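**Student:** Here is the input, now give the coordinates:
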Amino acid sequence: MRSGSPQAIVRAATANIWPLYCFHHRMLVCAVEALPSALLDRHPALKVVHPMTPVLARGARPFKPLVYQDDARSMSPDELDLLTMVQMIAFRFSGDVAAALIYARRLEERILKVPTESRSRVDGPLWFFHFQIGTTLLTAGDTTRALREFATARQLAPLCGQPGARRVALARTALAHAVRGSRKEALRFLSEAEREPEPQPGAAHADAIRATEAAATALVQVETLPDADVLFDSLEGYDSIEVSWPFALLARVRFSLATQRPHDALETLMLARDAHPTQHGSFAGDVVTSGLIEAYVAMGDLVEARDAARRAGAPGILTRLAEARLHLAEGRYGNAVHGLQLILADTHLGPGARDEARALLAWAEYARDGHLDPLVASRLCRQAADISARRMLATVPRQLVAHVAEVSPPDAAQRFTAVVSDLTHPEMTERPKLTAGELRVLNALPRHETTAEIASTFHVSPNTVKSQLASLYRKLGCASRDEAVRVAARLNLLSAASGPE
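**Tutor:** Predicted coordinates:
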């Protein structure tokens, strides 16, 4: 750096990138910041360290370094390890998590099949490779495999001597458990992380530790519906560049929806979506899509909710649960039950998603049959015994909550009521029961302008059609043909060939 030669700085930095990153992070960043952009573009391992890179990668300048095969052949195994990891991180910066997963698999294969000198050293980068692979899996929503990688990183981190290594691995482990709904495990790893030394400002993992621990804590706390100030005091903003931003967003959206403020959830989702690149194959995309569906359902706008569901590519677990809620709001109880049963058949499902799927199944059973099996009601009572079930219980309809209390034994009902007494529940929209004639006339409204045309089509008298229209208006709570069509579309009645499901 004293020489003032960019080439000399690049040679020294690339030859010693790992010890500089670990033990002289501030100096490395200062050196990289002083390098010309054109030179950085030829050295992605240095560019990924530049603080501007993740910011710019979100906009019009995605950071997706590629290398020619001829250049790759001239690299040492250690250099190829580093390049593969940098490519994985770079694609993650740019929002292309699906591509980042490809490089994560390549790095996994290299670790298993290609021995290198640096990976065999206790102070080498092996722990960091596992940590970054786990982080990529976590951003893709694969918490099961992410936890395996974080476990290896936690075991290797104390050997490397790098400040903050074990704490950041513990924090990401806690975040993965918080996403899965494993509250006790998340709190255990957060407690372990807090016993580690506090990272110095500017250290390699200081910002990641702070943001990850805040997001994990918020995801755990939101399940108990605490005071909003307690929940959001240390939480990063919707436009954060830290890898934990979608998890912080999930905590904010869950709180808004559980406290019956869907407009707040919608605004937060829109701002976060606009602040980040399109997230291909990512947990962030799952959070945004599911949040939009649930917010629109809570607002009663089932058309927008269905549009959001249609735009989803390969839906993640959050989106699949949100689609089940949409089916319930539309009165498609059979579709909801089928989707929820498929979710519950997933052996990698986390306990939080499993509990929510079971609660939605109870909702579907009650909406369809008008009552609950006593065993199902008993299971909901047991779920309510855990304080971390409060958020989930706040999102099920008031009618279902009241029915559970009615059919449960007195002691269980009293405990259940005590848990939910201060919660505000949504109202369950019930589809009106229409006769075959009323349903036939309803489906004819968009195609025929007059009562006479409808009567002629079905070979009945105009008075018969008028009588059925009057009954329709009463059952749908409307006063005009256009309003009847809008209400019927929202309740998913127009496409039915016979009575409702």
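
**Student:** Please count neighbours and contacts with C-alpha atoms only from this point.
**Tutor:** Fine.

**Student:** just how off-centre is the helix or strand bottoming out on mean pLDDT in the chain within its chain?
**Tutor:** Every helix and strand of the chain was ranked by mean pLDDT, DSSP states H and E. The lowest is helix 69-73, at a mean of 75. Its chain's average C-alpha position is 38 Å from that of helix 69-73, according to CA atoms, centre = their mean, to the nearest Å.

**Student:** other SSEs contacting whichever helix or strand comes after it?
**Tutor:** Note on helix 69-73: by DSSP states H and E, the next helix or strand toward the C-terminus is helix 77-93. Applying 3 or more CA pairs under 8 Å, 6 or more residues apart in numbering; DSSP states H and E, we find helix 77-93 packed against helix 44-47, helix 97-113, helix 126-139.

**Student:** if you set the cut-off to 10 Å instead, what comes out?
**Tutor:** helix 44-47, helix 53-57, helix 69-73, helix 97-113, helix 126-139 (3 or more CA pairs under 10 Å, 6 or more residues apart in numbering; DSSP states H and E).

**Student:** Could you look over those and pick the most buried one?
**Tutor:** helix 126-139 (a mean of 25; mean count of other CA atoms under 10 Å).

**Student:** what's that helix packed up against?
**Tutor:** Helix 126-139 is packed against helix 77-93, helix 97-113, helix 143-160, helix 165-180, helix 245-258, helix 283-299, with contacts defined by 3+ CA pairs under 10 Å, 6+ apart.

**Student:** how about 7 Å then?
**Tutor:** helix 97-113, helix 143-160 (3 or more CA pairs under 7 Å, 6 or more residues apart in numbering; DSSP states H and E).

**Student:** tilt between that helix and helix 165-180?
**Tutor:** With axes from the mean of the first three to the mean of the last three CA atoms, to 10 degrees defining the directions, helix 126-139 sits at 20 degrees from helix 165-180.

**Student:** For helix 126-139, output the C-alpha coordinates as CSV.
**Tutor:** Output in CSV follows, covering the C-alpha atoms of helix 126-139 (Å, rounded to 0.1, in the frame of the first residue of the first chain):
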residue,chain,number,x,y,z
LEU,A,126,-12.6,-24.9,5.4
TRP,A,127,-14.9,-23.7,8.2
PHE,A,128,-15.7,-20.6,6.0
PHE,A,129,-16.5,-22.8,3.0
HIS,A,130,-19.1,-24.8,5.0
PHE,A,131,-20.5,-21.6,6.5
GLN,A,132,-21.0,-20.0,3.1
ILE,A,133,-22.5,-23.2,1.7
GLY,A,134,-24.9,-23.2,4.6
THR,A,135,-25.8,-19.6,4.2
THR,A,136,-26.6,-20.2,0.5
LEU,A,137,-28.8,-23.1,1.4
LEU,A,138,-30.5,-21.0,4.0
THR,A,139,-31.2,-18.2,1.5
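
**Student:** begin at 39 from here
**Tutor:** Yes, from this point I'll number from 39; that puts the last item at helix 164-177.

**Student:** quick one, that helix and helix 283-296 angle?
**Tutor:** Interaxial angle, helix 164-177 versus helix 283-296 (the same axes, to 10 degrees): 30 degrees.

**Student:** what residues are up against residue 179?
**Tutor:** Residue 179 is in contact with 320-321, counting by CA atoms under 7 Å, 6 or more residues apart in numbering.

**Student:** Name the SS class of it, please.
**Tutor:** coil (DSSP: H, G, I helix; E, B strand; the rest coil).

**Student:** pretty sure residue 134 is touching residue 318, no?
**Tutor:** Yes - using CA atoms under 7 Å, residue 134 is in contact with residue 318, at 5.1 Å.

**Student:** before we move on, back to that, could you dump the helices and strands packed on helix 164-177 to a markdown table with mean pLDDT and distance to residue 269?
**Tutor:** What follows is the helices and strands packed on helix 164-177, written out as a markdown table (pLDDT from 0 to 100; distance: least, CA to CA, whole Å):
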| stretch | mean pLDDT | distance to residue 269 |
| --- | --- | --- |
| helix 135-151 | 96 | 28 |
| helix 181-198 | 96 | 23 |
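
**Student:** a markdown table please, covering those and showing distance to residue 467.
**Tutor:** As requested, these are arranged in a markdown table below (distance: least, CA to CA, whole Å):
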| stretch | distance to residue 467 |
| --- | --- |
| helix 135-151 | 38 |
| helix 181-198 | 35 |
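
**Student:** related to what we said a few turns ago, would you turn the helices and strands packed on helix 115-131 into TSV with distance to residue 513?
**Tutor:** Below are the helices and strands packed on helix 115-131 laid out as TSV (distance: least, CA to CA, whole Å):
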stretch	distance to residue 513
helix 82-85	64
helix 91-95	54
helix 107-111	69
helix 135-151	48
helix 164-177	47
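
**Student:** Just tell me which of those ends up closest to residue 409.
**Tutor:** Comparing those against residue 409 with CA to CA, the closest turns out to be helix 164-177 (39.3 Å).

**Student:** how big is the angle separating the closest one from helix 135-151?
**Tutor:** 150 degrees.

**Student:** can you list contacts of helix 164-177?
**Tutor:** So helix 164-177 is in contact with 123, 138-139, 142, 157, 181, 183-185, 187-188, 190-191, 194-195, 207, 214, 320-321, going by CA under 7 Å, 6+ apart.

**Student:** which residue is nearest the centroid of the protein?
**Tutor:** Nearest to the mean C-alpha position of the chain, by CA atoms, centre = their mean, lies residue 325 at 3.1 Å.

**Student:** Report the contact partners of residue 220.
**Tutor:** Taking CA under 7 Å, 6+ apart, we find residue 220 in contact with 389-390.

**Student:** What's the separation between it and residue 206?
**Tutor:** 19 Å (CA to CA, to the nearest Å).

**Student:** got the CA positions of stretch 274-287 in CSV?
**Tutor:** The C-alpha coordinates for stretch 274-287 follow below in CSV (Å, rounded to 0.1, in the frame of the first residue of the first chain):
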residue,chain,number,x,y,z
GLU,A,274,-32.6,-4.1,10.2
GLY,A,275,-34.7,-2.2,7.7
TYR,A,276,-36.5,-3.6,4.7
ASP,A,277,-33.7,-2.3,2.4
SER,A,278,-30.8,-3.9,4.2
ILE,A,279,-28.0,-5.5,2.1
GLU,A,280,-27.3,-8.2,4.8
VAL,A,281,-28.1,-11.8,3.9
SER,A,282,-30.6,-11.8,6.7
TRP,A,283,-32.9,-9.2,5.2
PRO,A,284,-35.7,-11.6,4.1
PHE,A,285,-35.8,-13.1,7.6
ALA,A,286,-36.2,-9.7,9.2
LEU,A,287,-38.9,-9.0,6.6
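
**Student:** Could you tell me which residues within that stretch count as buried?
**Tutor:** Counting neighbours by 16 or more other CA atoms under 10 Å, one finds that the buried residues in stretch 274-287 are 274, 276-287.

**Student:** any idea which of the residues you listed is the one closest to residue 73?
**Tutor:** Using CA to CA, residue 279 is the member of the buried residues of stretch 274-287 that sits closest to residue 73, with 22.3 Å.
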